[in-house]
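K.L.:
Provided below for reference: sequence and predicted model.
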Amino acid sequence: MKDQDDGFIIGRLRSFKYAARGMFLLIKTEHSVTVQFIIAVIMTILGFIMDISSIEWMFQFLAIGLVLVAEAVNTAIEKLADFVHPKFHKDIGFIKDISAAAPAFAALVAVIIGFIIYLPKI
């Protein structure tokens, strides 16, 4: 909750605290995000081993970020949908299926970027 007496810096620090808590909760509680986070760590280690270029690092981190952001948004939509309508509903199911497509598309793009970066190095 925002305190009106907070200055700009304190407000930003508090916002970051909430965001960091959200990232931790997401990684800790959502299996798909945990898996994607582990893959991100592995790909980062692989990037050091394979000595990828600065441009390749940028694309790799953009791909990792894209996947994690898509997973976070998907999880938020699914949690909200379950909260609003806990029992099965056809329209909620449709919304959740569409939401699940976002991390699937992001992961597909990330895999393609990974192939572009790493296949020539093998």
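P.N.:
Right, received. Where do you want to start?
K.L.:
List the buried residues for the biggest helix by length in the chain?
P.N.:
For the chain, the helix reaching the highest residue count under DSSP state H is reported as helix 54-84. For helix 54-84, the buried set under the neighbour-count rule, 16 or more other C-beta atoms under 10 Å, comprises 56, 59-60, 63-64, 66-68, 70-72, 74-75, 77-78, 81. For every residue, glycine as well, the C-beta is placed using N, CA and C.
K.L.:
avg pLDDT for the helix or strand following it?
P.N.:
For helix 54-84, the succeeding helix or strand toward the C-terminus, using DSSP states H and E, is helix 90-118. The predicted model assigns helix 90-118 a mean pLDDT of 97.
K.L.:
Next up, the contacts around residue 111.
P.N.:
Residues counted as contacts of residue 111 (C-beta atoms under 8 Å, 6 or more residues apart in numbering): none.
K.L.:
what about 10 Å?
P.N.:
39, 63, 67 (C-beta atoms under 10 Å, 6 or more residues apart in numbering).
K.L.:
Tabulate these (TSV), appending pLDDT.
P.N.:
Written out in TSV, the entries for the contacts of residue 111 read as follows (pLDDT from 0 to 100):
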residue	pLDDT
39	96
63	98
67	97
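K.L.:
What's the local residue count around residue 44?
P.N.:
A total of 14 residues lie near residue 44 under the criterion other C-beta atoms under 10 Å.
K.L.:
what's the angle from the helix or strand hosting it to helix 54-84?
P.N.:
Assigned by DSSP H and E, residue 44 falls within helix 31-50. Regarding helix 31-50 and helix 54-84, their directions subtend 170 degrees when assessed with axes from the mean of the first three to the mean of the last three C-alpha atoms, to 10 degrees.
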